[in-house]
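Colleague: Make a model of this:
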Amino acid sequence: MNRLTADLLGDETLLLAPDVVLTPGGPVRDHAVVVADGTFLAVGPADQLARRHPHLTPVPLPGHVLMPGFVDAHHHLTQSFGSALAFGEPSEIFRRVWVPLEGALDEETAYVAAKLAALESLRGGFTTVADAGTRAPVDVEAVASAARDAGIRCVLGLVCADADDPDPGPVLAAAEKHLARYQGDELIHPSLAVPITESATDHTLRHTALLAAEARAVVQIHVNEHLAAVERSLTRHGLRPLEHLAAVGALGPQLLGAHATLLTPGELTLLADTGTAISYNPVASAWKGNAVAPAAAMAERGIRFGLGTDGTRGDAFRLLDAAEFAQRIAYGLAAGDSSCGAGWTWLEHATHGGADAVGLGERTGRVAEGAAADFLLVDITGPEMRPSWDLPWELVRRANRDQITAVFVAGRLRLWEGWPTDWDGPAFVDRAAAIGEEVVARSTVTRVHPTSVEHRNRSRARGGAV
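Modeller: Numbers count the residues shown, from 1 in each chain. So this is what the prediction gives:
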């Protein structure tokens, strides 16, 4: 048997025969897939597909599972230069870190920042990212170009903020133009974005929802992420953020609410009744949040949700682990719930559930006939996965980014063993690192917490623990 190489996977039409295919119904053996024109042309028993497609030479994939690519339901692609600047910082850092950082970007540096983030996401097993809109003073095409060039599918948000503008006309006109701009694009899917509810007038909140619903797109809004934001909404409107969105008519299947960590029972009912989707961001909760979204309760109530990184780290397997772990610590232990979603909950909401949340449920997130061929080849021969007793659970708790052999998006091999196949990834990372240092140096980022080494030195100086 020939050793598996990238050259064997370069054709536009492929008959792939892995050891295991992770289908919507679960993992199955002795199955294969036919990839053609960017989609799964067929999925079924390997011997049947070989007979039906005699012109194709099967590519054996021993020791691999072919599974859907992951969906990052909440990202900020142009914040990649400052990822570590948030470490140790108190919540609501966007005014001190992200606004000045993105404000220092131009067309070129925004492109480089977004492509760097896209590369990290692909390396971590994400084939789709939802970008919640950049605050950089650039045309969003810079972000779109970066995503295309990296080879990742992107739900691209356009910021629609008019809280300080008495005329909402220009914002809504730009929103309409953005939704039409990327129609038919293979990898870019337009979206609207309101940073937080107080960033837009009630008129704009309502009409962006209407525009998105008509275009079958989503509006991304940060909701109930931090206690301070909830209290500001109560002070201003007498309503919590989700209640305010309901009052202005903005809730519905077109809304993707990011975080939703602070939810009342009534707000859970609002989400369930309106079909609103949520991005559950467990790593962001751990690193800079006030609470953990009740994702297990959402799953039980049938509330639509995906998993998002919030730009913390582009590692899908660690996100799965964090999703389950956070639920167990925040809710499962107190209730004696030893299952906490039984593994499959987090795997499904990181793939097809995430695709549904970002408005692409009919297009991606599953290995099924007619779906986009966005998938991973994951090596399951190592000690982490053998002996194997329950593959979905093992993928949640045991799998690692370094087990990803290949990443496909729209039927094309994008990454092989962690690096792009058609552009120089290492050289680009070196260039991005240098540019990132220059951008941060000229920005007005303000940090409250010192670096870890400085913190240690201060602690030692006052006789504290290291």
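
Colleague: So what pairs up with T39 in the strands?
Modeller: Beta-bridge partners of T39, counted by DSSP bridges, are A36, A372.

Colleague: mind checking how far it is from V33?
Modeller: Distance, T39 to V33, by Cβ to Cβ, to the nearest Å: 10 Å. C-betas here are computed from N, CA, C, even on glycine.

Colleague: any residues in contact with both of the two?
Modeller: The contact sets of T39 and V33 overlap at A373 (Cβ atoms under 8 Å, 6 or more residues apart in numbering).

Colleague: Which one's more surrounded, those two?
Modeller: Counted by other Cβ atoms under 10 Å, T39 and V33 do not tie: V33 has more neighbours, with 24 against 19.

Colleague: ok so the more buried one is a strand residue?
Modeller: Yes. V33 sits within a strand when classified using DSSP: H, G, I helix; E, B strand; the rest coil.

Colleague: so it touches R366, yeah?
Modeller: No. Counting by Cβ atoms under 8 Å, V33 stays clear of R366, with 11.6 Å between them.

Colleague: Can you tell me who L15 pairs with across the strands?
Modeller: When assigned by DSSP bridges, L15 has beta-bridge partners V34.

Colleague: Might you report the residue contacts of it?
Modeller: Going by Cβ under 8 Å, 6+ apart, L15 touches 32-34, 49-50, 53, 56-59.

Colleague: Low-confidence regions, this structure specifically.
Modeller: Residue ranges of the chain with pLDDT under 70: 1-2, 464-466.

Colleague: Nearest the geometric middle of it, what residue?
Modeller: Nearest to the centroid of the C-alpha atoms of the chain, with distances taken as Cα atoms, centre = their mean, sits D72, at 1.2 Å.

Colleague: which residues does that one bridge with?
Modeller: D72 has these beta-bridge partners by DSSP bridges: V129.

Colleague: what residues go with each domain of the chain?
Modeller: Following automatic domain parsing, the chain resolves into domains at 6-68+365-420, 70-357.

Colleague: Out of these, which gets nearest to E437?
Modeller: Set against E437 and scored by Cβ to Cβ, the domains of the chain come closest in domain 70-357, at 8.1 Å.

Colleague: would you list every one of the strands in the stretch 201-350 of the chain?
Modeller: Using DSSP state E, counting those that start in this stretch, the strands of the stretch 201-350 of the chain run over residues 219-223, 255-259, 277-280, 304-307.

Colleague: can you list the domains of the chain in CSV and add distance to E438?
Modeller: Shown next, in CSV, are these (distance: least, Cβ to Cβ, whole Å):
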stretch, distance to E438
domain 6-68+365-420, 24
domain 70-357, 8
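
Colleague: Need the winner for burial among the ones you listed.
Modeller: domain 70-357 (a mean of 21; mean count of other Cβ atoms under 10 Å).

Colleague: Can you name the residues in contact with stretch 430-440?
Modeller: 80-82, 85, 101, 104-105, 109, 112-113, 115-116.

Colleague: hmm, which two among those are most spread apart?
Modeller: Farthest apart among those - using Cβ to Cβ - are L85 and K115, which lie 19.4 Å from each other.

Colleague: quick check, nearest of the contacts of L15 to G425?
Modeller: Ranked by distance to G425 (Cβ to Cβ), the contacts of L15 are led by V59 at 23.7 Å.

Colleague: The closest one pairs with what?
Modeller: Counting by DSSP bridges, V59 is bridged to L16.

Colleague: need the contact list for it.
Modeller: Taking Cβ under 8 Å, 6+ apart as the test, what V59 contacts is 8-9, 14-17.

Colleague: a markdown table please, covering the residues you listed and showing distance to A250.
Modeller: Putting the contacts of V59 into a markdown table (distance: Cβ to Cβ, whole Å) gives the following:
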| residue | distance to A250 |
| --- | --- |
| L8 | 49 |
| L9 | 44 |
| L14 | 43 |
| L15 | 46 |
| L16 | 43 |
| A17 | 47 |
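
Colleague: my read: P168 touches L205, true?
Modeller: No. Applying Cβ under 8 Å as the test, P168 and L205 come out as separate, 10.0 Å apart.

Colleague: tell me the contacts of the closest residue to L66 other than its chain neighbours?
Modeller: Excluding the flanking residues, the one nearest L66 by Cβ to Cβ, 6 or more residues apart in numbering is P18, at 4.3 Å. Residues in contact with P18 (Cβ under 8 Å, 6+ apart) are 32, 61, 64-66, 377.

Colleague: From those residues, which land in strands?
Modeller: The strands, defined by DSSP state E, take in 32, 61, 64-66, 377 from the contacts of P18.

Colleague: got the residue ranges for the helices in the stretch 351-466 of the chain?
Modeller: Using DSSP state H, counting those that start in this stretch, the helices of the stretch 351-466 of the chain run over 352-357, 391-397, 425-442, 452-461.

Colleague: closest one to T269 among those?
Modeller: helix 352-357 (18.6 Å).

Colleague: what packs against the closest one?
Modeller: On a contact count with 3 or more Cβ pairs under 8 Å, 6 or more residues apart in numbering; DSSP states H and E, helix 352-357 meets strand 70-75, strand 277-280, strand 304-307.

Colleague: Only alpha carbons, please: show that helix as PDB.
Modeller: Output of helix 352-357 as PDB, limited to C-alpha atoms (Å, rounded to 0.1, in the frame of the first residue of the first chain):
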ATOM      1  CA  HIS A 352     -23.600  20.900  11.900                       C
ATOM      2  CA  GLY A 353     -25.100  22.800  14.900                       C
ATOM      3  CA  GLY A 354     -22.500  25.500  14.400                       C
ATOM      4  CA  ALA A 355     -23.200  25.700  10.700                       C
ATOM      5  CA  ASP A 356     -26.900  26.100  11.400                       C
ATOM      6  CA  ALA A 357     -26.200  28.800  13.900                       C
END
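
Colleague: Cheers, nothing more for now.
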